[in-house]
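Colleague: From the sequence below, what's the structure:
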Amino acid sequence: VQLVESGGGMVQPGGSLRLSCAASGFAFSTTTMTWVRQAPGKGPEWVSSISTGGDTTYYADSVKGRFTISRDNAKNTLYLQMSSLTPEDTALYYCARGGGIYSSGRYFPPDRGYWGQGTQVTVSS
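Modeller: Reported below is the predicted structural model:
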């Protein structure tokens, strides 16, 4: 099983980035997928999840309306289009197999063992 994120970098506030996650070694098209992020000094945060067919998406309130999750099952690739970025979006971004874990009215990330290696996003002027 391999998840390889790419597309991170440094961007100015208000800018955009598109993250990609190339998946291999498992049945990507039948697996719910998730983006997770972890900012310096903070715990991991569930960002977004997408159903197997891509028709159902879920977003954390902190990114709703600014981020768009999508997938291309023919290419075994997951995407996260990020716009209107702020310094608070600075984090290491991971793609993960499986959906968020719903508890106490919110979603939590899947177990860390299901994450990729991550790609750094830095939003700074």
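
Colleague: Can you name the residues bridging to the nearest residue to residue 114 once chain neighbours are set aside?
Modeller: If you skip the residues right next to it in sequence, residue 114 has residue 97 as its closest partner in space, 4.4 Å away by C-beta to C-beta, 6 or more residues apart in numbering. C-beta here means a position set from N, CA and C on the backbone, and glycine is covered the same way. Using DSSP bridges, the bridge partners assigned to residue 97 are residue 33.

Colleague: Neighbours of residue 97, how many?
Modeller: 21 (other C-beta atoms under 10 Å).

Colleague: cool, residue 86 as well?
Modeller: By other C-beta under 10 Å, neighbour count at residue 86 equals 12.

Colleague: who's in contact with it?
Modeller: Residues near residue 86 by C-beta atoms under 8 Å, 6 or more residues apart in numbering: 13, 123.

Colleague: so how far is residue 49 from it?
Modeller: Distance, residue 86 to residue 49, by C-beta to C-beta, to the nearest Å: 22 Å.

Colleague: which residues touch residue 40?
Modeller: By C-beta under 8 Å, 6+ apart, the contact list for residue 40 reads 90, 91.

Colleague: Mind doing that once more with 10 Å?
Modeller: Applying C-beta atoms under 10 Å, 6 or more residues apart in numbering to residue 40 gives the contacts 90, 91, 92.

Colleague: give me the number of residues near the second one?
Modeller: Which is residue 91. For residue 91, the neighbour count with other C-beta under 10 Å is 22.

Colleague: Residue 55 versus that one, what's the distance?
Modeller: From residue 91 across to residue 55, the span is 27 Å (C-beta to C-beta).

Colleague: How about the contacts made by the residue nearest to residue 114?
Modeller: By C-beta under 10 Å, 6+ apart, the residues touching residue 97 are 1, 3, 23, 26-28, 31-34, 78, 110-111, 113-116.

Colleague: My understanding was that residue 106 contacts residue 58; is that so?
Modeller: No - under the criterion of C-beta atoms under 10 Å, residue 106 is not in contact with residue 58, lying 11.0 Å apart.

Colleague: Quickly list what's touching both of these two.
Modeller: 46, 100.

Colleague: of the two, who's got more company?
Modeller: Taking neighbours as other C-beta under 10 Å, residue 106 and residue 58 compare with residue 58 leading, 18 against 11.

Colleague: With that, I have no additional questions.
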